[in-house]
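Engineer: Dropping the sequence and predicted coords here.
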Amino acid sequence: MTQSVTQPDRNAGGFNLFSFARSQEGVVVFLLVALMIVVAVFSAASPYFFDVRNGMNIGRAISIIGIASAFTTLLMIAGGLDLSIGAVMNAAGVVAAMVLTQTGLGVGGAILAAVAVGALVGWVNGMFIAKLGINPLIMTIAMQFVVRGLTLGFSASASKVIVDPTFLAIGQSYFHLGPLAIPAPLLWMLLAMLVLWFVLRFTLFGKYVYAVGGKASACRRAGINVNVITIQLYMLSGIGAALAGVVLAAIQGAGIPYGAGSELSVISAVILGGVSLAGGVGLIEGTLVAVLLVGVLKNGMTLMGISSVFQMVAEGLVLVGAVTLDRLKRRL
Amino acid sequence: MQHAETTQGTPFLEARHIGKRYGGLHAVRDVNLSIYPGEVIGIVGDNGAGKSTFIKMLAGDHQPTSGELLIEGKPVRFAHPRDAKQAQIETIYQDLALCENLSVMDNIFLGHELTRNPVLRLLRRSKMHIESRVLLDDLGIGIPSTHELVVNLSGGQRQATALARVAKAGAKLIILDEPSAALGVRETRALLDLILRFRSQGKSILVISHEMRDVFEITDRIAIFKRGELIAIKRTKETTPDEIVSLIIRGRQ
């Protein structure tokens, strides 16, 4: 393809360990190493840990957080923040369940309705944040309350049981790959991440995600419609939360309106994966490894009999450790 | 308004009675200025004289509250920087408006990326890298790699990246806000040469600067702003730095 005499010059300065450690790829490699160490430690500590079945359990456990994290990674690279994710997840599950039981729209209709709810919440977030300049933190917390209240109101605070076998299969079936039984939710997560990885890496939209996160004013002056991109990213984050909510409802066999919000787990996974809150840097690969790392830690601790209360403490400490290292490495 | 107007032909851009008010404050008042093809105009004045506000209106970044703009004799309205770019006006701001987290190539092509497949809009990276390299070499700009992130560049290299973006866009009017503020001696020299080269290609250039020596070396005319008004336009050959400085400080002589 490139027949030109002038070749694009690659890496003129040669490989530099320090600049690699500071780069976003460096973060992913660091997390992978941490993941391998954690896996090694748990494998030594528990005979049940290093096992295909247990691996698949971890995969299913992380899939909900993983799906939502993947979508909101794009938003956070662009410098945005979405705290309405947990509320949208619950709303999507309830909406899907209610559409299934109270209308004849079927599984497709249920999923579409749930996604529409996520897109709508994201659109409202994006409009207020992009057009009126409202702080994303405030706006999305406000929407969290609005959505949570509406969900409880419409469902009369009652869980909506789902019996449709096709819908339940979204969360409970397995895909058999030789001797491997892959839980469907894990597959959905990997699929979402693959698509979003492609978007970020190869498309114009992906380039603008990084550009807007780097300097929105420069993008505006370069003629890019920053407002539209911002709104689209909040909508994507809402859609991701809704898809996660659909899978969660299928796993639980019900749309539960009062589930504890998981937005902080989602956001901390994204940050652990190397996305800066200031925007401009980050990779889907980082989010994937971060979600895996947290999932493996929780699973390993469960197998070792550590109570879930201390697992929360560990999850918090891992995040603090990660951002501390991130600060320190800037001084390299 | 004493226009020392002898330049011939249709101006590329003409500002007629352009003004900008912020509430009770007149940031720019009744400015008349024509810019001809192949002409370099220097804009000088104290801080707060309205220079930046004026050029931001030409760049579509701010909207005038009075007066009108004409491009090649036709009235235009710029509601967004996009509109000014469409009219082939490119601006390099004081802060250069670069995304530091992106590469030199990304910044050169920002807003003009080459893509294939109209649905997925896939980036044509290697083509853009090659074109960036050709462009930088052609402009005589010393940036070792188009893959380098802007955050790792020197002030001069950043400026050069911004200039390469403008050159690529094929602008007819290039506006520069304090271009030499962050540059070393050698980098300033390269910048001035580049501006003269743009002029020889028939482009119009509007440059805000405090550096009298630079202004006298590259400009054809000098516009002096004071308290939001354009108080004088002098032909560079017919004036002296002392006269300009005295106009900046004391206003009318």
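Structural biologist: Right, received. Where do you want to start?

Engineer: drop to CA atoms for contacts and neighbour counts, all remaining ones
Structural biologist: OK.

Engineer: How about the residues of the stretch 101-250 of chain B by chain A?
Structural biologist: B:101-102, B:110-111, B:113, B:115, B:120-123, B:126-127, B:129-130, B:133-134, B:144-148 (Cα under 8 Å from any Cα of the partner chain).

Engineer: Return the members of these classed as buried.
Structural biologist: B:101-102, B:110-111, B:113, B:115, B:121-123, B:127, B:129-130, B:133-134, B:145-148 (16 or more other Cα atoms under 10 Å in any protein chain shown).

Engineer: Tell me which of the residues of the stretch 101-250 of chain B next to chain A fall in helices.
Structural biologist: Among those, the members found in helices (DSSP state H) are B:126-127, B:129-130, B:133-134.

Engineer: If I look at B:Pro241, what pLDDT would I see?
Structural biologist: The pLDDT attached to B:Pro241 in the predicted structure is 92.

Engineer: So it sits against B:Asp214, correct?
Structural biologist: No: taking contacts as Cα atoms under 8 Å, B:Pro241 lies outside contact range of B:Asp214: 10.8 Å.

Engineer: For A:Ile231, grab the count of nearby residues.
Structural biologist: 22 (other Cα atoms under 10 Å in any protein chain shown).

Engineer: What strand or helix carries the residue nearest the centre of chain B?
Structural biologist: Nearest to the geometric centre of chain B sits B:Ile175, at 1.0 Å (Cα atoms, centre = their mean). Applying DSSP states H and E as the criterion places B:Ile175 in strand B:173-177.

Engineer: Helices along chain A, start to end?
Structural biologist: A:17-22, A:24-45, A:52-77, A:85-102, A:106-132, A:136-155, A:165-172, A:184-202, A:204-214, A:216-221, A:226-252, A:263-272, A:284-303, A:308-329.

Engineer: what does the stretch 101-250 of chain B give?
Structural biologist: B:104-109, B:125-139, B:155-169, B:185-200, B:212-218, B:241-250 (DSSP state H, counting those that start in this stretch).

Engineer: which of those helices sits most buried?
Structural biologist: helix B:104-109 (a mean of 27; mean count of other Cα atoms under 10 Å in any protein chain shown).

Engineer: contacts for that helix?
Structural biologist: Applying Cα atoms under 8 Å, 6 or more residues apart in numbering or on different chains, the external contacts of helix B:104-109 come out as B:98-99, B:113, B:128-129, B:132, B:145-150, B:161-162, B:164-166, B:168.

Engineer: Please list the residues of the stretch 151-300 of chain A that sit near chain B.
Structural biologist: Contact residues, the stretch 151-300 of chain A versus chain B (Cα under 8 Å from any Cα): A:202-205, A:210-211, A:214-215, A:217-224, A:280-281.

Engineer: And the pLDDT for the nearest residue to B:Leu183 once chain neighbours are set aside?
Structural biologist: In space, and not counting its chain neighbours, B:Leu183 is closest to B:Gly156: 5.6 Å by Cα to Cα, 6 or more residues apart in numbering or on different chains. Note on B:Gly156: pLDDT of 83.

Engineer: Repeat that for the one 10 residues further on.
Structural biologist: With respect to pLDDT, B:Val166 scores 86.

Engineer: what do you get for A:Ala96?
Structural biologist: Value listed for A:Ala96 in the pLDDT field: 97.

Engineer: That one contacts A:Ala116, correct?
Structural biologist: No: using Cα under 8 Å, A:Ala96 is not in contact with A:Ala116; the gap is 10.5 Å.
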